[in-house]
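Engineer: 3D, please:
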Amino acid sequence: MLVALSACSSEGAQEDSAATSSSASTSAPASTPPPAPPAASTESSEDQLRAAAEALDRSATARDDETAWSFYSQRCKNEIGSIEAYGQVLDAFYAGRTPNYTDWTVRVNGSSGQVVTVDADPSAPASAMNPRTWTFIDGRWQFDNC
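Structural biologist: This is a model prediction of the structure:
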């Protein structure tokens, strides 16, 4: 939703900025740099992605399949097929294991993110430490590593 609002406001702002750019350029000294964008936006995005990744891992581990499924992108849902098939994927992934997620490392680059989860379960497969791709779609982070 934020992306859509920004896109809409920037179109209307082009006319406004064109009308005010000539007066703004004469009133502001040439040596004054433009204000920097807020630095907190990346941190906020990383925090939001970390929260989503933690919630997915915890809900999948608790076998709250519906909640875990809600974090998946539509592309992944289409590939998996159904929530029942997703439950079978979780059955296979967690067979003989006791997951114990202890840490999430997050990297965000625009609308794409990578999450590496540390699982202290000695039975966790090596692939559990592989980075997982998330994508910011429709105003929220969605698991897109299918």
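
Engineer: Straight-line length of stretch 55-67, end to end?
Structural biologist: End-to-end distance of stretch 55-67 (C-alpha to C-alpha, to the nearest Å): 9 Å.

Engineer: Run through the neighbouring helices and strands of the helix or strand encompassing A92.
Structural biologist: Element membership of A92, judged by DSSP states H and E, is helix 83-94. Contacts defined by 3 or more C-beta pairs under 8 Å, 6 or more residues apart in numbering; DSSP states H and E place helix 83-94 against helix 40-61, helix 65-69. Using the backbone N, CA and C atoms, a C-beta is placed for each residue, glycine as well.

Engineer: any idea of the mean pLDDT for stretch 135-144?
Structural biologist: The predicted model assigns stretch 135-144 a mean pLDDT of 96.

Engineer: what does it contact?
Structural biologist: With contacts defined as C-beta atoms under 8 Å, 6 or more residues apart in numbering, stretch 135-144 is touched by 1-3, 45, 48-49, 52-53, 56, 71-76, 110-113, 132-134.

Engineer: Filter those residues down to the ones in helices?
Structural biologist: Cross-referencing the contacts of stretch 135-144 against helices under DSSP state H gives 2-3, 45, 48-49, 52-53, 56, 74-76.

Engineer: Can I get the residues you listed in a markdown table including distance to A120?
Structural biologist: Shown next, in a markdown table, are the ones in helices among the contacts of stretch 135-144 (distance: C-beta to C-beta, whole Å):
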| residue | distance to A120 |
| --- | --- |
| L2 | 36 |
| V3 | 37 |
| S45 | 27 |
| Q48 | 25 |
| L49 | 21 |
| A52 | 21 |
| A53 | 16 |
| L56 | 18 |
| Q74 | 32 |
| R75 | 31 |
| C76 | 26 |
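
Engineer: one step back: buried subset of the contacts of stretch 135-144?
Structural biologist: 45, 48-49, 52-53, 56, 71-73, 76, 113, 132, 134 (16 or more other C-beta atoms under 10 Å).

Engineer: where does the protein dip in pLDDT?
Structural biologist: Confidence mapping of the chain against pLDDT under 70 gives the ranges 1-43.
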